[in-house]
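Asker: sequence and computational prediction follow.
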Amino acid sequence: MAMVHDQTAELERVRNILEVRMKEKPRRYQHSLGVARTAVDLARAYEVDEYHAAFAGLTHDWDKVLDDHELLARAAQYGVKVTGSPTRAVGLLHGPVAAHELPHIFEGIAPEVCQAVARHTVGAIDMTPLDMVVFIADAIEPGRRGDYAERLRAMVGSAPLEELFFQTFAQGLVYVISTGRYLYPTAIDIYNAYAVKRSR
């Protein structure tokens, strides 16, 4: 669904607020703009709400400006559930924490936008089309470099959205394992849930 004037104006307001919030992190700001643009392109390709995709893309890293101590404190304050080690998973908390805060900052923000923001870090076994769009956009926005990004970009519009999400999620697992990073405990369950669906 194409955006109307009021939605375009609201997104510009969000972008302006985001620019101020990320003034000390210009690369993060540019990344957020890239994710928003890519999310809109994906939304058009897969008939997902463009406004919601853009809003979630702009705000997906809203709390990336917080340090680890503050993220952990806010996660505890909001009752964000962490599977496994909170200190190991702190880099994944910015999405769920922001999902609790954004409704207090942007009145009328859609719940599905907040959910997409919450899920863009680790995914879920029941991703919605909007969730998938934002997750994929985060991985393939123009600032991302590498053969994996080119391969995933080439699938846009030709592969079903769920397959594109699965390939993106799988690539993320390969990266985490190959670099010896902490693997969030739910990752295997999510991978297996979508792998089983593909084999039916």
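Answerer: Received the coordinates, thanks.

Asker: tell me where the protein has strands.
Answerer: Applying DSSP state E to the chain gives no strands.

Asker: ok, which stretches of it are helices?
Answerer: 5-21, 26-46, 50-59, 68-78, 94-105, 111-119, 129-140, 147-155, 161-178, 187-199 (DSSP state H).

Asker: just put those in a markdown table and tack on mean neighbour count and mean pLDDT.
Answerer: Yep, even glycine has a C-beta here, placed from its N, CA and C like the rest. As requested, those are arranged in a markdown table below (neighbours: other CB atoms under 10 Å; pLDDT from 0 to 100):
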| stretch | mean neighbour count | mean pLDDT |
| --- | --- | --- |
| helix 5-21 | 14 | 95 |
| helix 26-46 | 20 | 98 |
| helix 50-59 | 26 | 98 |
| helix 68-78 | 15 | 95 |
| helix 94-105 | 20 | 97 |
| helix 111-119 | 22 | 98 |
| helix 129-140 | 26 | 98 |
| helix 147-155 | 14 | 95 |
| helix 161-178 | 17 | 96 |
| helix 187-199 | 13 | 94 |
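
Asker: so for Ser85, which of those sits nearest?
Answerer: helix 68-78 (11.2 Å; CB to CB).

Asker: what packs against the closest one?
Answerer: In terms of contacts (3 or more CB pairs under 8 Å, 6 or more residues apart in numbering; DSSP states H and E), helix 68-78 is packed against helix 94-105.
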